[in-house]
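>>> Got a predicted structure plus its sequence, pasted below:
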Amino acid sequence: MRFSPTRKTRVQYENELIQEAMMAFKQRVDIIKKHMDDKNVRIVNRHVNTGGGIIDCSMLKVG
């Protein structure tokens, strides 16, 4: 026997989890910026993977 959520339910929860992950990501970026000597830090790459693995969200570029 196999159970799985409907597509609508899965998408709804994925969207909620993505929002939570992005809020956590922004908090970490703020921590990094706070402790960087150069305040001209910006995100140059962001990757969000909903495939169940680790979310690799950014690379930082100074300047």
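Structure's in. What do you need?
>>> Surely Ala24 is within a helix?
Yes - Ala24 forms part of a helix when assessed by DSSP: H, G, I helix; E, B strand; the rest coil.
>>> what's the spacing between it and Thr6?
27 Å (C-beta to C-beta, to the nearest Å). C-beta coordinates here come from the backbone N, C-alpha and C atoms, glycine included.
>>> Neighbour count for the two, which is higher?
Each of Ala24 and Thr6 has its neighbours counted (other C-beta atoms under 10 Å); Ala24 has more, 12 against 8.
>>> what about the helices in the protein?
Assigned by DSSP state H, the chain shows helices spanning 7-35.
>>> Poorly predicted segments of this protein, please.
Scanning the chain for pLDDT under 70 picks out 37-43, 46-63.
>>> same thing but at 80, please
For the chain, applying pLDDT under 80 flags the ranges 32-33, 35-63.
>>> For Gln19, the count of nearby residues, please.
10.
>>> now it: how far from Lys26?
Between Gln19 and Lys26 the computed distance is 11 Å (C-beta to C-beta).
>>> What's the separation between the closest residue to Tyr13 other than its chain neighbours and Lys33?
Spatial nearest neighbour of Tyr13, excluding adjacent residues (C-beta to C-beta, 6 or more residues apart in numbering): Pro5 at 7.4 Å. Distance of Pro5 to Lys33, given as C-beta to C-beta: 37 Å.
>>> try Gln19
21 Å.
>>> do the same with Tyr13
Counting by C-beta to C-beta, the gap from Tyr13 to Lys33 is 30 Å.
>>> returning to what we had before: these two touch, right, the residue nearest to Tyr13 and Glu14?
No - if you go by C-beta atoms under 8 Å, Pro5 and Glu14 don't touch, sitting 10.1 Å apart.
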